[in-house]
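*Asks:* Generate coordinates for the sequence data below:
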Amino acid sequence: MSQGLLPFKYEIEKREGGLTALGGVGLYLDLFRALKLGHILDSSIGIRDSDQGYADRQIGMLLILLNIVGGDCVEDLERLEQDDGFCRLWGKLDRHGKLAKRFRRKLQRKLPAASMS
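*Replies:* Model (predicted):
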């Protein structure tokens, strides 16, 4: 694209997916890690005490993020599920691949369903 008066240049992105308008969510994910929010949620909530399914930390952090990005209800999780970039950022929380081990079958979704939350 043509260069304007400002000191930046527009470039066309070559890949189709993996982008998100919610890029600032990454800062909150870093904050969650620094605060050890996952450990706090697991020890404070204590609803999910089995080794199967989504952990308290995953559901709790997702609901906090849903609130941060302006979600009105848990059904807005479906919109986040469609956002490839957000799902890539969300996947960074599972650094060691522990989430897939909590399910007997292969995960079909990237985020918990609204009925789960």
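*Asks:* mind checking the longest helix of the protein?
*Replies:* Among the segments of the chain that qualify as a helix by DSSP state H, the longest is helix 56-68.
*Asks:* can you pull the buried residues of the next helix or strand after that helix?
*Replies:* Going down the chain from helix 56-68, the next helix or strand is helix 77-82, by DSSP states H and E. For helix 77-82, burial by neighbour count (16 or more other CB atoms under 10 Å) applies to 77, 80-81. Any C-beta I mention is one placed from the backbone N, CA and C, and that applies to glycine too.
*Asks:* In JSON lines: these, plus distance to residue 110 and pLDDT.
*Replies:* Formatted as JSON lines, the buried residues of helix 77-82 follow (distance: CB to CB, whole Å; pLDDT from 0 to 100):
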{"residue": "77", "distance to residue 110": "10", "pLDDT": "87"}
{"residue": "80", "distance to residue 110": "9", "pLDDT": "87"}
{"residue": "81", "distance to residue 110": "6", "pLDDT": "86"}
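*Asks:* ok, so of those, who is nearest residue 90?
*Replies:* residue 80 (8.0 Å; CB to CB).
*Asks:* and the residue nearest to that closest one when sequence neighbours are not counted, backbone torsions?
*Replies:* Nearest residue to residue 80, sequence neighbours excluded (CB to CB, 6 or more residues apart in numbering): residue 86, at 5.4 Å. Per-residue torsions, residue 86: phi -60, psi -40 (degrees, to the nearest 10).
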